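>>> when you get a sec, could you give me coordinates for this:
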Amino acid sequence: MKKFDLVSLIIRCSIFLISAILVLIFREEVEKHLYIILFCCIFALNMDEIIFAIIHHRFTHNFLIGKCVISIILSFVILFTTKDNFNFTCYYWAIYAIIDISFESGEYIPMLFEKKFYILVKIAFMAFEFYASVELVRNPHHHAPLHIILLGIEFIDYSAKIVIEEIERTKHHKIGQPDYYETD
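Predicted coordinates for the structure are as follows:
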């Protein structure tokens, strides 16, 4: 593993784990300023995916960049249109979660037959998150606190995903061969 990759991994994981801790500790404050926090979270997660794809030439999944661009646009919609309307903020959050789940399911469901514990947990979490997103649309004030907890868990999950992807990349990388993420 290159020194740059290790430093990048540590920084990315630290940022997302600190964010998870802050979101889980200050849930009431998160709810008060939900539209700003959602903008920051959605923007940061998707910019991280785009920058990582560009740095590592990971363009094997062309839909990844499209999903990230759509999510970033949605984050700006949340920031500029939902300041005074908690219900609309929750509706957009549910839409984002469902979009994110649909793209992640395309990544994880084919790996289901590998029977890795992380993949099974991730698919179960996605199913629960989908259910919670539908409930968030049905009753935003009642289900927003649960979704805030899910946001904290999502940050922890994202940190684990970053580490697992790096382990897989270095495990498959051999000297003299192209990077694991590079396409032919």
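>>> contacts, neighbours, all on C-alpha from now
Will do.
>>> for stretch 95-112, which outside residues touch it?
64, 67, 71, 74, 119-120, 122-123, 126, 129-130, 133 (Cα atoms under 8 Å, 6 or more residues apart in numbering).
>>> how about that stretch: buried residues?
Within stretch 95-112, the residues that count as buried by 16 or more other Cα atoms under 10 Å are 95-98, 100-101, 108.
>>> repeat for stretch 133-146
Buried-residue list, stretch 133-146, by 16+ other Cα under 10 Å: 133-137, 140, 143-145.
>>> what of stretch 41-59?
41-43, 45-47, 50, 53, 58.
>>> centre of the chain to it, how far?
11 Å (Cα atoms, centre = their mean, to the nearest Å).
>>> now the helices: where do they sit in this protein?
Under the criterion DSSP state H, the chain contains helices at 3-25, 27-32, 34-55, 62-81, 86-108, 117-138, 140-172.
>>> can I get those in JSON lines with mean pLDDT?
Below are those laid out as JSON lines (pLDDT from 0 to 100):
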{"stretch": "helix 3-25", "mean pLDDT": "81"}
{"stretch": "helix 27-32", "mean pLDDT": "86"}
{"stretch": "helix 34-55", "mean pLDDT": "84"}
{"stretch": "helix 62-81", "mean pLDDT": "84"}
{"stretch": "helix 86-108", "mean pLDDT": "84"}
{"stretch": "helix 117-138", "mean pLDDT": "85"}
{"stretch": "helix 140-172", "mean pLDDT": "82"}
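>>> number of residues surrounding the nearest residue to residue 163 once chain neighbours are set aside?
Closest residue to residue 163 apart from its sequence neighbours, by Cα to Cα, 6 or more residues apart in numbering: residue 9 at 7.2 Å. Residue 9 sits with 15 neighbouring residues when counted by other Cα atoms under 10 Å.
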